[in-house]
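Chemist: please find the sequence and the predicted model below.
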Number of protein chains: 2
Amino acid sequence: MPARNIRPLHLNAFLNAPGHHAAAWRHPASAGHRLLDVDYHVDLARTAERGLFDAVYLADSLAVRGRPDATAAGGLEPLTLLTALATATEHIGLIATASTTFYEPYILARTLASLDHISHGRVGWHIATGGDLAEAANFNLDEPVEHAVRYERAAEFLDVATQLWDSWADDAVVHDRRNGRYADPDRIRQVEHTGLFFKVRGPLNVQRTPQGWPLLVHTASSADGQEFAARYAEVVLTAQQNLGDAAAFALEVKSRAAAYGREADVPVILPGITPVIGSTEAEARRRARELTELQLVETGVSQLSDLLDVDVSGLDPNRPIPAGLLPREEELSDHRFALITDLAIRERLTVRQIVARLGGGRGYRVVIGTPEQIADSMQEWSQAGAADGFTVAPPILPGGLDDFVDQVVPVLQRRGLYRTEYDLGTLRDRFGVPRPEDHFPEAAPAAVRRAVLPPLASV
Amino acid sequence: MPARNIRPLHLNAFLNAPGHHAAAWRHPASAGHRLLDVDYHVDLARTAERGLFDAVYLADSLAVRGRPDATAAGGLEPLTLLTALATATEHIGLIATASTTFYEPYILARTLASLDHISHGRVGWHIATGGDLAEAANFNLDEPVEHAVRYERAAEFLDVATQLWDSWADDAVVHDRRNGRYADPDRIRQVEHTGLFFKVRGPLNVQRTPQGWPLLVHTASSADGQEFAARYAEVVLTAQQNLGDAAAFALEVKSRAAAYGREADVPVILPGITPVIGSTEAEARRRARELTELQLVETGVSQLSDLLDVDVSGLDPNRPIPAGLLPREEELSDHRFALITDLAIRERLTVRQIVARLGGGRGYRVVIGTPEQIADSMQEWSQAGAADGFTVAPPILPGGLDDFVDQVVPVLQRRGLYRTEYDLGTLRDRFGVPRPEDHFPEAAPAAVRRAVLPPLASV
């Protein structure tokens, strides 16, 4: 068996309070009523840690999404929650989304650096480049931010943030009490960045962190997004519905990364999976049906309208969407766009059918079956080069995560596809991603910032 | 004895990793080497909780301050650290500084709301209005932000933030699984703020919090600052060197607050105190001397130059500062300015003497003595109406806080000046500050935002 076929999987637990099915909060086994209860989230993270997951992941949006009457909205802010999870866990990685469009680099770089210290090197940053009207309207704008502008800003943001993370040498602090020398000023440097979006002097007011930089995570779907992921991302989260597309996507992103001179086999690709687990396939199917029946059709239609940026509420739910109503890809930024159009056009699904599919895993691939069947599917994707692991988004929480940890993880372990204990080290170590050097010269005097990131190729 | 004389004190523990003396990090008993160790900060917060403190307080600056060779800089970001402390404590309030000049209101309002949920209603926001060149240069600016502009922005920031905190009614979430109704859309409203600095649609994407708003804390010294504190602050932190000035200050701020129609006796005034504790007065004096001897004069001179915004490094350290070199008050924003000029002019202190005094408590009043003497001073200030309590800034940490908790707190308790156990309730309850109403109408339909904050009076 070639080495590729037996390399272990990475697992990332996508935590979303009541679960990832659109109707999860209505299910009696979900915990939608504990949205604001930090102990609930701590329990989830500890379950994932019990399952030896590489990381937990908290997504984000800078606006209320969906219809508040039918969506469990208004929960905890991810970076705050992630800090709470850091103190309650020991090994598991901690990934949260934060937007380069609306944060200032000094503030976000600092928060992430602080979190990397607090967690002893377990932090990952899911770099979000959103900027639709819902978010823009909370940040002094009247219009969505153009897609190309978001990525230009994101690239410059990364340039500034990485310089800030490198502004203290690893050995800057000497803490020499006797001679009254806390740090070596020659091992701390200003950033003096002046660009199109930012002007930042630096240095950062947080010392260099265990990982140097947080693990850099991105979701790639658009051409801009794939180029950005190829250039910067160390881990890529992606929504993929079928094996062929997923394998092509992985190959494309890794080839582009290689063209930037990056190491082989980066970034690590983690397609999403929403496992609906039963002790028999029939039981699993019954569980999936139960959730579909809890879905509110008008809510799904409103969600679909949101995703497509087209009002589909007036359409007959039992007929396909007319092709003329579908927006062009470049008008959208959501990474689940490809999925929606595929569903709508290729399969000629009705609005109601799309809503049911969408509800299943919010755009992630739903796999319904026994623990063995779910493990089979994961193994197949891994062996085909479509996945280095998975972002596991259980339909219902907390139960769906317990079931995965108790039933699917042991199957993966028996097959030699998954770790049986945590290794020591940082989150970067776990993903096999190198720690960035601080780029200070060996012998001190005039420390000059070296460019560690070449500019983003135009796409 | 009039009721005023026996009302209990509030205590706020100002945590600053190695301690508040400028040379604390050089002292063998301090923990400057644990600046980035979250467990160290947790220990401090738990010590303060053991001492039944109302709150702990973390200050902030958005730039590296002081000379890195001689200052323990580059520690943890306060809001991140505060979240970690929230999960490790149960009763104590959690106050952190965050700047209205450089944050976006949607991001900060959300983080604080999240923290208020995570801590079950224990969060206070120290509203910072800084904006000197060191900070401005990290946020796209070439010049310091003008003092008046900072306060205009702060007032508008407060207006936006409070509207965001009120954008979900307390009873907005109904969580009706059967009927598929998570929240009542009529109990969630947009903010639709358009002002000079911000345009924010809302609503906030965090549900209303246990306290409604975090406890609002401010440091008042300039005329703008006093007006702002009188209008908005529920707790005021202040550096006061003598009883007369402190009493006049408290009276002034409370009178101005009354002029805004606020309740009697708000805001709560907590002057800073740096207690140097010994079992005898002689021992306390020896400890203070020990710290002064660890001070690096050139560092103190550099700090003084920073505070005064005038380079005093060329002056004879053994002579007073020439009066012509001192800046006018309106050119400065630091709340310790009054102290410095008082020292320099009224007492004709030499540069070296000022540096020694400054080093003692970084501008806070240093009280050197036995636990009884320190309690005497606190009691005297309280009875004279100069203080509703104190912000305790130990010269060395962790030992200085342990000593205060173990030696001074029992004296205050014996005198009936301090609680002997925590009451239940939020941080607002502890300070006797009302919880803001959500201002939604009793019976729903068209929820219209009521102005809860009149505009700031011009100063």
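Modeler: Nice, thanks for sending it over.
Chemist: just the pLDDT for the closest residue to residue A:119 other than its chain neighbours.
Modeler: Nearest residue to residue A:119, sequence neighbours excluded (C-beta to C-beta, 6 or more residues apart in numbering or on different chains): residue A:86, at 3.9 Å. C-betas here are computed from N, CA, C, even on glycine. At residue A:86, the pLDDT value in this model is 98.
Chemist: so residue A:86, which state does it fall into?
Modeler: helix (DSSP: H, G, I helix; E, B strand; the rest coil).
Chemist: which residues touch it?
Modeler: A:94, A:115, A:118-119, A:122-123, B:84 (C-beta atoms under 8 Å, 6 or more residues apart in numbering or on different chains).
Chemist: now swap in residue A:65 and tell me
Modeler: Per C-beta under 8 Å, 6+ apart, neighbours of residue A:65: A:71, A:73, A:134, A:306, B:205.
Chemist: ok, it to residue A:227 distance?
Modeler: For residue A:65, the distance to residue A:227 equals 27 Å [C-beta to C-beta, to the nearest Å].
Chemist: three-state assignment of the closest residue in space to residue A:395 that isn't next to it in sequence?
Modeler: Among residues not flanking residue A:395 along the chain, residue A:21 sits closest, at 4.0 Å (C-beta to C-beta, 6+ apart). Assigned by three-state DSSP, the conformation of residue A:21 is coil.
Chemist: and residue A:21, how many neighbours does it have?
Modeler: 30 (other C-beta atoms under 10 Å in any protein chain shown).
Chemist: which of the three states applies to residue A:366?
Modeler: Per three-state DSSP, residue A:366 ends up strand.
Chemist: same check, this time on residue A:130
Modeler: Classified using three-state DSSP, residue A:130 is coil.
Chemist: from chain B, how far out is it?
Modeler: Look at residue A:130 and chain B: by C-beta to the nearest C-beta, to the nearest Å, they are 13 Å apart.
Chemist: got it, and residue A:188?
Modeler: Residue A:188 is 5 Å from chain B, by C-beta to the nearest C-beta.
Chemist: wait, residue A:399 touches residue A:29, no?
Modeler: Yes: with contact defined as C-beta atoms under 8 Å, residue A:399 and residue A:29 form a contacting pair (4.9 Å).
Chemist: neighbour count winner among the two?
Modeler: The residue with more neighbours, out of residue A:399 and residue A:29, is residue A:399; 17 against 14, by other C-beta under 10 Å.
Chemist: still on that earlier bit, and of the contacts of residue A:65, the nearest to residue A:295?
Modeler: Nearest to residue A:295 among the contacts of residue A:65: residue A:71, at 11.7 Å, using C-beta to C-beta.
Chemist: list the contacts for that closest one?
Modeler: A:22, A:25, A:65, A:299, B:182 are the contacts of residue A:71 under C-beta under 8 Å, 6+ apart.
Chemist: can you tell me if stretch A:31-45 touches chain B.
Modeler: Yes: Stretch A:31-45 comes into contact with chain B (C-beta under 8 Å from any C-beta of the partner chain), by way of A:32-33, A:35-36, A:38, A:42.
Chemist: just the ones of these in helices?
Modeler: A:38, A:42 (DSSP state H).
Chemist: widest-spaced pair of the residues of stretch A:31-45 next to chain B?
Modeler: A:32 and A:42 (17.1 Å).
Chemist: so between the two, which is more surrounded?
Modeler: Neighbours per residue, other C-beta under 10 Å: of residue A:32 and residue A:42, the larger number sits with residue A:32, 21 against 17.
Chemist: among the contacts of residue A:71, list the two that are farthest apart in space.
Modeler: The two members of the contacts of residue A:71 with the most space between them (C-beta to C-beta) are A:25 and A:65, at 13.9 Å.
Chemist: do you have the strands of the stretch 251-400 of chain A handy? List them.
Modeler: A:268-277, A:365-369, A:389-392 (DSSP state E, counting those that start in this stretch).
Chemist: now find how far off-centre the first one is within its chain.
Modeler: Which is strand A:268-277. Its chain's average C-alpha position is 12 Å from that of strand A:268-277, according to C-alpha atoms, centre = their mean, to the nearest Å.
Chemist: who does it pair up with?
Modeler: Note on strand A:268-277: by DSSP bridges, its sheet partners are strand A:235-238 (parallel), strand A:365-369 (parallel), strand A:389-392 (parallel).
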